[in-house]
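Participant: show me how the following folds:
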Amino acid sequence: MRIAVVGATGMVGEVMLKVLAERNFPVTELIPVASERSVGKEIEYKGTKYKVVGMQTAVDMKADIAVFSAGGDTSLEWAPKFAAAGTTVIDNSSAWRMDPTKKLVVPEINASTLTKEDKIIANPNCSTIQMVLALAPLHKKYNIRRIIVSTYQSITGTGVKAVRQLENEYAGIQGEMAYKYPIHRNAIPHCDSFEDNGYTKEEMKLVRETQKILGDNTIRVTATAVRVPVVGGHSEAVNVEFTNDFDVNEVREILHNTDGVVVQDNLDTFTYPMPLYAEGKNDVFVGRIRRDESQENTLNMWIVADNLRKGAATNTIQIAEYLIAAGLV
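Facilitator: Numbers count the residues shown, from 1 in each chain. Below is the predicted model of the structure:
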């Protein structure tokens, strides 16, 4: 299995390499790919050094699978070229997510819709993945009418520059700013750019991607996305209204039996999900599961995941694993 990692020197690219190694992905040839300025650099994978190559070289090498985390513009330009060469692309940017001809995949939910004809597969947004993984089995059982979500998002979602900004601010050093404002001791209600309706792109991704992944455009979603000075992962306060009533213990049981979800919900031992403890893990953690007493058939929950892992790299690699297991590559 020849695997190209496009954006191999970036934050998500590095985690992709880590996840490939950890999961013993069947790599026979690794092709690390990055922009021209990184060509010739060496990266290490499982004790072997590999030279970074440029985009066209990688296309010509005809990998079986290319996992992309190099930004939307790069994906729009290069994913079709890889696909035309016979490579199956799994793209981590927002470029293809809402394209009606492309599948938007969380493996535990909808990988079974993939076919050999799907040469460009979209990986959802980090904040969407963790939310829908927890909500999909509940939608199946109780039918979701409306979701209200507020996110508390890690700076690693912005990238290396944001991590440096926080570290500089901790140390009292003036440096390059990833954000318009300080992030240390602050919360910034502004993730991605603003759309005409007053919501950010991040907030609208939660709306549109949720409906697409769950295959139900009748689900109403409203979101507020906030950047916080945290590095371990994204946290979400989620309020879900169902058509049908539920039993809270049954909800816990359903989530407990959901692949990729870990329930951490014991108030006696003060057990609930936190990004500090989600960091470096591939699961989605769910806790503070309780009935909304202000409205019938409505549930509150707290969902946490490492945004570089299940929110990005791990989900991408899991899609690749499914393609191999299903004989689609």
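Participant: quick one: list the elements packing against the longest helix seen in the chain.
Facilitator: With secondary structure taken from DSSP state H, the chain has its longest helix at helix 126-142. Helices and strands touching helix 126-142, by 3 or more CB pairs under 8 Å, 6 or more residues apart in numbering; DSSP states H and E, are helix 107-110, strand 144-153, helix 201-214, strand 234-242, helix 248-256, strand 284-291, strand 298-305. Every residue, glycine included, has its C-beta placed from N, CA and C.
Participant: between helix 126-142 and the longest one, find me the angle.
Facilitator: Orientation note: helix 201-214 sits at an angle of 40 degrees relative to helix 126-142 (axes from the mean of the first three to the mean of the last three CA atoms, to 10 degrees).
Participant: count of neighbours near the closest residue to Thr200 other than its chain neighbours?
Facilitator: The shortest distance from Thr200 to any non-neighbouring residue, by CB to CB, 6 or more residues apart in numbering, is to Asp192 (4.9 Å). By the criterion of other CB atoms under 10 Å, Asp192 has 18 neighbours.
Participant: Asp192 against Leu206, yeah?
Facilitator: No: assessed by CB atoms under 8 Å, Asp192 is found out of contact with Leu206, at 11.1 Å.
Participant: shared neighbours, the two?
Facilitator: Ala225 (CB atoms under 8 Å, 6 or more residues apart in numbering).
Participant: now for the helix or strand harbouring Ala225, which elements pack on it?
Facilitator: Counting by DSSP states H and E, the element that carries Ala225 is strand 220-227. Judged by 3+ CB pairs under 8 Å, 6+ apart, strand 220-227 is in contact with strand 144-153, helix 201-214.
Participant: mind listing what's buried in it?
Facilitator: Buried residues in strand 220-227, counted by 16 or more other CB atoms under 10 Å: 221, 223-227.
Participant: for burial, what's the neighbour tally of the residue lying closest to Ser193 once chain neighbours are set aside?
Facilitator: Nearest non-adjacent residue to Ser193, counting by CB to CB, 6+ apart: Lys201, 5.6 Å away. Lys201 has 14 neighbours, counted by other CB under 10 Å.
Participant: before we move on, what about Thr200?
Facilitator: 20.
Participant: pLDDT score assigned to it?
Facilitator: Each residue has a pLDDT score; the one for Thr200 is 98.
Participant: show me the shaky parts of the stretch 151-300 of the chain.
Facilitator: Along the stretch 151-300 of the chain, no part satisfies pLDDT under 70.
Participant: what's the helix or strand Thr57 falls within in contact with?
Facilitator: Remark: Thr57 resides in helix 55-60, with elements defined by DSSP H and E. The contact list for helix 55-60 (CB under 8 Å, 6+ apart) reads 4, 6, 31, 33, 35, 66, 74, 78, 81-82, 85, 87.
Participant: same question, stretch 122-130
Facilitator: Contacts for stretch 122-130 (CB under 8 Å, 6+ apart): 90-92, 94-97, 99, 102-106, 132, 151, 153, 157, 202, 205-206, 209-210, 213, 225, 234, 236, 284, 303-305, 307-308, 310-312, 315-316, 319.
Participant: pull out the buried residues from those residues.
Facilitator: Among the contacts of stretch 122-130, the ones that count as buried by 16+ other CB under 10 Å are 90-92, 94-97, 102-106, 132, 151, 153, 157, 202, 205-206, 209-210, 213, 225, 234, 236, 284, 303-305, 307-308, 310-312, 315-316, 319.
Participant: and the end-to-end length of stretch 183-201?
Facilitator: With CA to CA, to the nearest Å applied, stretch 183-201 spans 20 Å between its terminal residues.
Participant: same question for stretch 267-276.
Facilitator: 18 Å.
Participant: give me the buried positions along it.
Facilitator: Quick answer for stretch 267-276 (16+ other CB under 10 Å): 272-275.
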